Each structure stands twice: as C-alpha cells, then as structure tokens.
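# sequence and computational prediction follow.
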Amino acid sequence: MTKITQYIEQAKGKTLFSIEIIPPVKGESIQSLMSNIEPLMEFKPPFIEVTYHREEFLEKIVNGQIDRIPIRKRPGTVGICASLMNRFNVDAVPHVICGGFTKEETEDFLFDLHYLGIDNVLVLRGDPVKGNPAFTPEKGGHAYASDLLQQVVRMNHGELLHEETQASPTNFCIGVAGYPEKHFEAPNLNTDFAYLKKKVELGADYIVTQMFFDNQKYFDFVKKCRAEGINVPIIPGLKPLATKKQLTVLPRIFHLDMPEDLVKAVGQCQTDKDVKQVGIEWCIQQCKELIAFDAPILHFYTMSKSESTKKIAAAIF
Ligand code: FAD
C-alpha cells in the first residue's frame with residue numbers, strides 16, 4: 001500500500017483530491033454510501049478516509065435502576081475500509097481514536113489494519129462520549145493523540161505492549177489533526193500549536209486540518225508551522241456549505257469562524273438549494289486559492305454525500 005506522503009511526493013507539486021466518509025448508521029444499507037462514493041472516483045482520489053465513532057450510552061430503566069447500555073451508532077470502520085479497497089482499488093485510511101479503547105485493544109485493532117494491508121492511519125484523541133462536555137480517557141487507554149501516536153510508532157519499530165521479543169514491525173504512515181482556528185479546549189493558539197509540534201516531533205508524517213471557510217486561517221497556520229520547523233505536509237480539510245442552518249451549527253460543533261461575505265451571500269438565499277449553490281461556489285474559490293498556495297491535497301469532508309463535492313471537483317480537477 002502506498003503511503004500518503006508517497007502520493008504527495010509522486011504528485012510532484014500537483015494538488016490531489018481526497019475525501020473523508022462516515023460509516024452509515026447501524027442498520028442502514030452500505031449501498032447508499034457506495035453509490036455516493038462512486039461518482040467521485042473519476043477524480044481519482046488516491047485514498048479515502050473513514051471516520052471512527054466511539055460508543056454512546058443508551059439509558060434504560062430496568063427494575064427501577066438506570067442501566068447504561070453502550071451502543072455504537074456507526075460501527076464498521078474497518079469493514080468499510082476493506083470494502084473500499086476491494087471495490088474501488090483505492091487506499092483506505094481509517095481514523096484510529098483513543099476514546100473507548102484500552103492500549104491492548106488498540107494494539108489488536110492496529111494488527112487488524114496491518115493484516116488488511118492498510119499502511120496509513122489518522123491518529124486522533126476522539127470526541128467525548130455524546131452528552132459529556134469533556135473527554136475522559138478509557139481506563140488503561142490513551143489521554144491524548146500524542147500518546148496513541150507513540151504506540152503506533154513503537155509498533156512500527158516492532159515493539160509490542162507486553163511481548164519481550166521483537167515483533168515483525170508494522171509500517172504505518174501516521175496522520176494527525178491540526179486546527180487552524182485552534183482546538184476548542186486549548187487555552188490559546190500557541191499552546192495548541194506546541195502540542196501539534198509535539199505530535200510531529202514524535203513521528204507524525206502529515207497533518208489534516210479541521211474544516212475552515214476562510215483560507216487566510218489555513219495560510220497563517222501553514223506559515224506558522226513552517227516558521228516553527230513543522231515541515232510535514234499540511235492537508236486542508238474542506239466542507240461545502242449545504243444548508244442555512246450550518247452557518248450556526250458548524251461554528252458550534254467545530255469552533256470555526258464563518259467569513260462575513262459567506263454569511264451575507266447565504267442570507268440572501270431563499271432556499272437550501274440556493275445555499276448549496278453558494279456553498280459550491282465558495283468552495284470552488286477556496287480550492288483555486290489553495291491550489292495557488294500549493295496545498296498538497298484538497299481533502300473533502302463529504303459526510304458521505306457526493307453531490308456538492310462532485311460539482312466542485314469537476315470545476316477544479
Ligand atoms: P489531541 O491532539 O490529543 O488534542 C486534544 C486537546 O488537548 C487539544 O486542545 C490540545 O491542545 C490538547 N493537548 C494535546 N496534547 C496534550 C498534552 N500532552 N497535555 C495537555 N493538553 C494536550 N473524532 C472522532 O471521534 N472520530 C473521528 O474519526 C474523527 N476524525 C477527525 C478528523 C479530523 C481531520 C479532525 C480535525 C478531527 C477529527 N475528530 C474525530 C475530532 C477529534 O477527535 C476532536 O477534535 C478531539 O477533540 C481532538 O482530537 P485530536 O486528535 O486533535 O487531540
């Protein structure tokens with residue numbers, strides 16, 4: 001399997017196209033997901049990222065007691081990766097998270113990926129359990145992405161958690177998340193930045209950014225990274241705006257700023273169809289500027305829907 005960093009090297013400065021998808025809600029058919037990916041394959045994404053979703057807790061009253069039942073709403077990350085590789089002959093990049101995993105479970109999970117021939121992972125802390133304001137590490141698990149990253153790096157050196165003899169090494173190319181507009185928990189941008197730098201010093205091979213709608217945030221972020229000696233590829237994450245509601249929902253969830261001009265343009269729209277068109281045009285303009293800035297890859301958060309991304313990719317690639 002080719003590493004993300006190799007794809008970037010082989011492109012020799014040409015900006016590539018890639019997408020992130022989310023597994024379907026448990027019980028839904030995988031067909032709708034595949035039908036949404038299919039139209040995007042003509043733009044030749046070298047890889048598709050697949051998110052990982054930790055468990056949620058369903059509260060039921062049983063014999064007068066509250067029973068908390070762990071349920072995974074969107075299981076199937078590894079199965080979907082295998083299915084994508086098989087069906088589209090594309091590399092799949094699963095997200096690997098700290099939340100809900102002990103270190104031993106993480107080790108086994110990474111072996112599953114290794115045996116499938118997956119050599120790229122995006123290593124993340126993960127979101128808090130739904131309904132909880134703060135992230136709590138699993139007992140015997142990792143608290144930060146940098147801790148999980150070190151486990152992956154050790155496996156790449158053939159070091160397992162409890163075996164004393166040298167194991168056959170894995171060969172993971174490791175991506176991490178970066179936040180041009182700061183991670184919401186970080187007290188300030190510089191502190192957040194120091195932790196990002198630490199992830200790179202510990203062995204991260206590339207960075208994928210949180211979505212942004214104002215390119216200047218990405219440009220400033222990349223410049224700051226370079227000034228601080230962070231020289232790995234920084235892949236911008238893009239999401240085409242699709243509904244008026246997202247103007248307020250996305251800033252709340254992802255802690256980002258919506259540019260004034262975008263807010264004004266959306267404000268003039270009568271329907272969500274009009275908003276979608278504004279979102280597509282805005283994103284096309286973002287893509288053009290990012291290509292001019294030599295962004296290595298334009299990475300689309302599709303939310304497993306292809307319509308807007310296809311129109312944007314058709315205008316750009
Ligand atoms: P970290 O790098 O661990 O940082 C988390 C916070 O802790 C930051 O505020 C940082 O500044 C601080 N910090 C870092 N290290 C330390 C330290 N040693 N001591 C003190 N503070 C520290 N979530 C999912 O659940 N599943 C997914 O599939 C998923 N995919 C994502 C993909 C991308 C590209 C992005 C940007 C996010 C994704 N997320 C996903 C969300 C992500 O898990 C959350 O944003 C999470 O809150 C932080 O993850 P992280 O890996 O950036 O954490």
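Cool, the structure landed.
# centre of the chain versus stretch 290-307, how much separation?
12 Å (C-alpha atoms, centre = their mean, to the nearest Å).
# how long is that stretch from one end to the other?
Stretch 290-307 has an end-to-end distance of 21 Å (C-alpha to C-alpha, to the nearest Å).
# tell me which residues in that stretch are buried?
The neighbour-count check on stretch 290-307 (16 or more other C-beta atoms under 10 Å) flags 290, 295-302, 304, 306 as buried. C-beta coordinates here come from the backbone N, C-alpha and C atoms, glycine included.
# one more: stretch 307-315?
Within stretch 307-315, the residues that qualify as buried by neighbour count (16+ other C-beta under 10 Å) are 308-313.
# next: stretch 105-119.
Buried positions in stretch 105-119, judged by neighbour count with 16+ other C-beta under 10 Å: 106-107, 109-110, 113-114, 116, 118-119.
# now do stretch 193-203
Under the neighbour-count criterion of 16+ other C-beta under 10 Å, stretch 193-203 has 193, 196, 199-200, 202-203 buried.
# take these and keep only those in strands.
Of those, none are assigned to strands by DSSP state E.
# keep only those of the residues you listed that are in helices.
Counting by DSSP state H, the part of the buried residues of stretch 193-203 found in helices is 193, 196, 199-200.
# export the buried residues of stretch 307-315 to CSV and tack on pLDDT and secondary structure?
Below are these laid out as CSV (pLDDT from 0 to 100; DSSP: H, G, I helix; E, B strand; the rest coil):
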residue, pLDDT, secondary structure
Ser308, 97, helix
Thr309, 98, helix
Lys310, 98, helix
Lys311, 98, helix
Ile312, 98, helix
Ala313, 98, helix
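# need the residues you listed in a markdown table (columns: distance to Val96).
Below are these laid out as a markdown table (distance: C-beta to C-beta, whole Å):
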| residue | distance to Val96 |
| --- | --- |
| Ser308 | 28 |
| Thr309 | 24 |
| Lys310 | 28 |
| Lys311 | 32 |
| Ile312 | 28 |
| Ala313 | 27 |
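# and those, which is closest to the ligand?
Relative to the ligand, the closest of these is Thr309; by C-beta to the nearest ligand atom it sits at 15.8 Å.
# the ligand contacts on the chain?
Residues of the chain that fall close to the ligand, judged by C-beta under 6 Å from any ligand atom: 51-52, 54, 95, 97, 124-127, 144-146, 177, 183, 185-186, 192, 195, 208, 210, 237.
# can you select the buried ones among those residues for me in PyMOL?
Buried members of the residues of the chain next to the ligand, defined by 16+ other C-beta under 10 Å, are picked up in PyMOL with:
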select buried, resi 51+52+54+95+97+124+125+126+144+145+146+177+183+186+192+208+210+237
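# all strands for the protein, in order.
Remark: strands assigned in the chain by DSSP E are 16-21, 47-50, 56-62, 65-71, 91-97, 120-124, 173-178, 206-211, 234-238, 297-301.
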